[in-house]
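Visitor: structure, please.
(2 chains)
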Amino acid sequence: MAGNEGAGNEGAGNKDSGKGEATQAETTDSNVPPKEPATPKPTAKMFACTACGASVTIKYPGATMAVVCSSCNSTIDVTSENYRILSTYVGRTSLFKPCIPLGARGKLKGKTWEVIGFLVREDTASHYFWSEYLLFNPYYGYRWLVEDKGHWNFVRTIKRKPEAKNINQYPAKGQLAKLNGKNYQIFNYGTAAVKYVLGEFYWRVKVGSTNLTADFIDPPQMLSAEKDGKEIVWSLAEYLDAKEIHKAFKVTDKFPYQSGVPATKPPTELKACTQIGTLLAIFVIFITCAQFYFTSIASQQTVLHYDGTFITNSKKADITTPVFSMGDKTTNAVITLSAPVSNSWFYVSGELVNDTDGTTYPFEKSVEYYSGTDSDGFWSEGSNTAQLGISSIPAGKYYINIDTESGDFTQTRQQQFSVTVGRDYPIYDNYWWTLFGLCLIPLYSFFAMHSVEAARWSNSDFSPYPDPESYSDSD
Amino acid sequence: MTRFYLVTGILLCALFVYAGMRSWKIIDPWAISGARPTGPGSHYHK
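Guide: Residues are numbered from 1 along each chain as shown, chains lettered A, B, ... in the order given. As a prediction, this is how the structure comes out:
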């Protein structure tokens, strides 16, 4: 199955909802953080492990229900008088090692937390593993740090039950859970099992115990439901930078290498893409309005119409048109050449000359038109007219010098041609080039966003993006 | 990237307006520019 990465990865199963809940101040994101009480001084309690006889210490006797013997890894129920063994673990293993040592204290979200428990859980379908660290502060209760492929989430259980469909049923793609006006989209659904435990816990944790889990995401947050028996516990996870945790707990070892895009990665690409899209809309509206303005004020005035004659299959030189005015501001010129060619061509080599300072704008243009019939019927190509534009012509008086040349395979005769000069025509090329330029960064941003979001959802069975494997299957 | 696009977009829009006001093509690979003296043959020039 597609990766169940993170299935139920927000907090360990069957948590006592009463003890792990976030305070009201946290859930309402108050700007005034509550004052941190003095560092708690727990009263430790010791007893002999009922499995191996080794000394076991409970750091928080009032709050802890289960503790794992650091010698034999048996889980002991500390609420029973004779320290009943909840589960035994076959030997110690170096496969699972907490990268934040138990007992380490660090300040996260403005409060001091002590790592008191460590769990490794797996998705029973995909056998995907992740680690969970139980944090404790006697004044604020329990929180979790969840590490998945080197990415970290800070998790707290919540009192308020989100609006969601029955999680006993397999959810449909796009199913939502709502909390505080935010929509969280289904990301993973499955069963998570406890594979390894260390430390002490506020519930009777057992290796092998399983929970039904459902994760809903609205990055950088994840809403998770865990069901064990009839009880459903909801928790809210938030992405946390690994460096922040590393620094907070003063960890000397390196944290696991980060790989992939986690479910709760802050949606920076999506946010940037949305902002850039908004800017693009503003820019497009602006240049469209500006283009309408330029078009509306363009006079599109004809300043010269010259009719001349030419003889086919011959050259004619030294034609000079009358002087005409290009107006009193810098503008563009559109020169239109027309000749009644038919299965022949007419070529003009000319120059637009400023009558005052002699600046010349040389140009060449030809018109040609061919037609006939073949087995497919009538065909034609070319045209009797051709146009060229010269931009940024300074104000002043101008004339045109023309040399002509023509070719006709059938006959030699005199024909007419005309040269028309227009000024102040709207330029549409600028609009399209500017639009093209404006779209480049948004396109890059969109593909970057799409790539990251597709990678994020590649770990989900409920991805709104097409599965890349489906393409290769069809090959 | 948003800030970069904001600056780039404003510059492009400014260029568009400037070019529009001067009837100037922003990209014109076959642009005809003024020069002197040139032209075909022995045409009349001042």
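Visitor: hey, let's count contacts and neighbours off CA atoms from now on
Guide: OK.
Visitor: so where's the chain shaky on pLDDT?
Guide: Going with chain A. Low-confidence segments of chain A, defined by pLDDT under 70: A:1-43, A:51, A:71, A:81, A:83, A:85, A:87-94, A:467-475.
Visitor: other chain: chain B
Guide: Ranges of chain B meeting pLDDT under 70: B:36-46.
Visitor: run through the helices of it in chain order.
Guide: In chain B, the helices defined using DSSP state H lie at B:2-21.
Visitor: now the stretch 151-300 of chain A
Guide: For the stretch 151-300 of chain A, applying DSSP state H, counting those that start in this stretch gives helices covering A:242-248, A:268-297.
Visitor: can you lay out these as a markdown table showing mean neighbour count and distance to residue A:308?
Guide: Below are those laid out as a markdown table (neighbours: other Cα atoms under 10 Å in any protein chain shown; distance: least, Cα to Cα, whole Å):
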| stretch | mean neighbour count | distance to residue A:308 |
| --- | --- | --- |
| helix A:242-248 | 15 | 81 |
| helix A:268-297 | 17 | 32 |
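Visitor: and these: which comes nearest chain B?
Guide: Proximity to chain B, assessed across these by Cα to the nearest Cα, is greatest for helix A:268-297 (5.8 Å).
Visitor: quick revisit: now the helices of the stretch 151-300 of chain A as a markdown table including distance to residue B:13?
Guide: Shown next, in a markdown table, are the helices of the stretch 151-300 of chain A (distance: least, Cα to Cα, whole Å):
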| stretch | distance to residue B:13 |
| --- | --- |
| helix A:242-248 | 41 |
| helix A:268-297 | 7 |
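Visitor: need those in a markdown table with distance to chain B, can you?
Guide: A markdown table is the format used below for the helices of the stretch 151-300 of chain A (distance: least, Cα to the nearest Cα, whole Å):
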| stretch | distance to chain B |
| --- | --- |
| helix A:242-248 | 24 |
| helix A:268-297 | 6 |
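Visitor: which of those helices sits closest to residue A:155?
Guide: Residue A:155 lies closest to helix A:242-248 among the helices of the stretch 151-300 of chain A, at 13.2 Å (Cα to Cα).
Visitor: now the helix or strand hosting residue A:437 and helix A:268-297, what's the angle there?
Guide: Assigned by DSSP states H and E, residue A:437 belongs to helix A:429-457. Angle of helix A:429-457 versus helix A:268-297, following axes from the mean of the first three to the mean of the last three Cα atoms, to 10 degrees, is 160 degrees.
Visitor: so what does helix A:429-457 touch, helix or strand wise?
Guide: helix A:268-297, helix B:2-21 (3 or more Cα pairs under 8 Å, 6 or more residues apart in numbering or on different chains; DSSP states H and E).
Visitor: rerun that using 10 Å as the cut-off
Guide: The contact analysis (3 or more Cα pairs under 10 Å, 6 or more residues apart in numbering or on different chains; DSSP states H and E) places helix A:429-457 against strand A:182-201, helix A:268-297, helix B:2-21.
Visitor: ok, residue A:124 to chain B distance?
Guide: Here the criterion is Cα to the nearest Cα, to the nearest Å. By it, residue A:124 lies 41 Å from chain B.
Visitor: one step back: may I see the helices and strands packed on helix A:429-457 organised as TSV, with distance to residue A:143 added?
Guide: Output for the helices and strands packed on helix A:429-457, formatted as TSV (distance: least, Cα to Cα, whole Å):
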stretch	distance to residue A:143
strand A:182-201	11
helix A:268-297	26
helix B:2-21	36
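Visitor: out of the ones you listed, which is closest to residue A:364?
Guide: From these, taking Cα to Cα, the stretch that ends up closest is helix B:2-21, at 24.7 Å.
Visitor: and the angle for that closest one with helix A:268-297?
Guide: Using the same axes, to 10 degrees: helix B:2-21 against helix A:268-297 is 10 degrees.
Visitor: in helix B:2-21, what's buried?
Guide: Neighbour counts over helix B:2-21 (16 or more other Cα atoms under 10 Å in any protein chain shown) mark B:2, B:5-6, B:9, B:12-13, B:16-17, B:19-20 as buried.
Visitor: distance of residue A:165 from residue A:222?
Guide: From residue A:165 over to residue A:222 the distance is 16 Å, taken as Cα to Cα, to the nearest Å.
Visitor: sorry, back to before: dump the buried residues of helix B:2-21 into a markdown table; add distance to chain A as well.
Guide: As requested, these are arranged in a markdown table below (distance: Cα to the nearest Cα, whole Å):
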| residue | distance to chain A |
| --- | --- |
| B:2 | 6 |
| B:5 | 7 |
| B:6 | 7 |
| B:9 | 6 |
| B:12 | 7 |
| B:13 | 7 |
| B:16 | 7 |
| B:17 | 7 |
| B:19 | 8 |
| B:20 | 7 |
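Visitor: taking these, tell me the two that lie furthest apart.
Guide: B:2 and B:20 (26.4 Å).
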